[in-house]
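Q: can't give you the sequence, but here's the structure:
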């Protein structure tokens, strides 16, 4: 249906879009957090935005010897490094996250390391399925200082592995492992730490690297470049049902009693209560995890708010809907009318609904059409419905579709209070 139609595969990745071209982007078209890159990272430090040149052999923070680049993100670059002071941690290797020299990014580094440290103390060891932390270190460049977070070395992300697989889908054994790892991490963060991750998505679920494994042997070889990254990906895909995964990137996380923003989460994984500004809690992460698993299983977004419904030729041409209304419409298409309890808490109700003369909530009059052109709807209340099991069955055999629908459907309840917890979802996987 709307969020599940075929899309092109340009390399751009945006969080929001105002053009129909960007709306056609597939999940595999995104710039992943550890995409192959050149070994040199020469950036302009004079603007206070970046770092001086980092190359293999450079010593960072007076202890981490760079072996190669692992990935690039909006806030930081991530490097494979040998720890010259503490060889027993992670067998002497770390992923060093070097943040750009911007005040707010430095704050993200401090907050991420602080949350991981608190989580480790609560667990009295490494938290289950959560990336391990070595520490927060400063690095003085030629013109500015950078915060560096030394993390446990992990393998490729679930997104990268899916992109490397047939039809951009993660094989079912690996998919179940990724879901189990993500849920274990969320269960610990939610119940033990009262932390909301706020940015669960395929890029932030990474495979663990067992000592002595093929992945570990590849990472130890010099130089670590493009060919080694591809070999690492192939080795990760061979792990099968024995694989374990960890959740990463707590830079945008918050505690349950102290929200830093009312608008959280990358667009495609944003929970309905967040869009409606109806308040959010740990259930927002559960919704995001369900969207993540659907995407990894099918190679398609569950909700794609940048892609508008087709419009019948008989209707006058109109601009595409804004991302928010389109997103809510796609959710209603899948789940049915939103519960009044949720709508009653919304502080953005007017952006999506209007009150009729009879006092009933109704969406604005928008022309919608099913992808095959067979059905036309003029409002959210008359949108054609499509059950989750039907969406899954378009891409997967019957049994995997049933299994995933049983797990994901309770995670996608529109009313957060009725949504399954991470612990409850884990029990369904056993």
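A: In hand now; what should we look at? Being a predicted model, the structure only gives us computed values, none of them experimental. Numbers count the residues shown, from 1 in each chain.
Q: pretty sure residue 303 is in contact with residue 294, am I right?
A: No: counting by CB atoms under 8 Å, no contact exists between residue 303 and residue 294, whose distance comes to 9.1 Å. Using the backbone N, CA and C atoms, a C-beta is placed for each residue, glycine as well.
Q: first-to-last residue distance for stretch 151-171?
A: The first and last residues of stretch 151-171 sit 27 Å apart, counting by CA to CA, to the nearest Å.
Q: let me see the ranges of the helices in the stretch 1-150 of the chain.
A: 20-23, 103-123 (DSSP state H, counting those that start in this stretch).
Q: got CSV for the ones you listed, with mean neighbour count and mean pLDDT too?
A: Shown next, in CSV, are those (neighbours: other CB atoms under 10 Å; pLDDT from 0 to 100):
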stretch, mean neighbour count, mean pLDDT
helix 20-23, 15, 27
helix 103-123, 17, 90
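Q: distance to residue 290 added to those, as TSV?
A: Written out in TSV, the entries for those read as follows (distance: least, CB to CB, whole Å):
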stretch	distance to residue 290
helix 20-23	22
helix 103-123	23
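Q: of all those helices, which one is nearest residue 208?
A: Proximity of the helices of the stretch 1-150 of the chain to residue 208 was assessed by CB to CB; the nearest stretch is helix 103-123, lying at 15.8 Å.
Q: ok, for residue 67, nearest residue in space, not its chain neighbours?
A: With CB to CB, 6 or more residues apart in numbering as the measure, residue 80 is the residue that lies nearest to residue 67, at 4.5 Å, once sequence neighbours are left out.
Q: what about the one you found, how many residues close to it?
A: 23 (other CB atoms under 10 Å).
Q: quick check: it touching residue 65?
A: No: taking contacts as CB under 8 Å, residue 80 lies outside contact range of residue 65: 9.9 Å.
Q: spit out the contact partners of the residue nearest to residue 67.
A: Shown here is residue 80, whose contacts under the criterion CB atoms under 8 Å, 6 or more residues apart in numbering are 66-70, 93, 95, 153, 219, 224.
Q: quickly note the distance from it to residue 248.
A: Relative to residue 248, residue 80 is positioned 15 Å away (CB to CB, to the nearest Å).
Q: what does residue 188 give?
A: When distance is defined by CB to CB, residue 188 is 14 Å away from residue 248.
Q: quick one, which of these two is more surrounded?
A: With neighbours defined as other CB under 10 Å, residue 188 and residue 248 compare such that residue 248 has more, 25 against 21.
Q: list the contacts for the more buried one?
A: 131, 151, 154, 204-206.
Q: pLDDT at it, what is it?
A: Among the per-residue scores, residue 248 shows a pLDDT of 95.
Q: in space, what's closest to it - neighbours in sequence excluded?
A: Spatially, and ignoring its direct neighbours in sequence, residue 248 is nearest to residue 131 (4.4 Å; CB to CB, 6+ apart).
Q: just give me the neighbour total for that neighbour.
A: The criterion is other CB under 10 Å. On that basis, residue 131 has 24 neighbouring residues.
Q: does it touch residue 247 like I think?
A: Yes: distance between residue 131 and residue 247: 6.9 Å, which falls inside the contact criterion (CB under 8 Å).
Q: run through the stretch 51-200 of the chain and note the low-pLDDT ranges.
A: Within the stretch 51-200 of the chain, the ranges that satisfy pLDDT under 70 run 51-53, 88-90, 125-126.
Q: so where do the strands sit in it?
A: 59-60, 64-72, 76-83, 93-99, 133-140, 145-152, 195-196 (DSSP state E, counting those that start in this stretch).
Q: pull out the buried members of the contacts of residue 248.
A: Buried by 16 or more other CB atoms under 10 Å: 131, 151, 154, 204-206, out of the contacts of residue 248.
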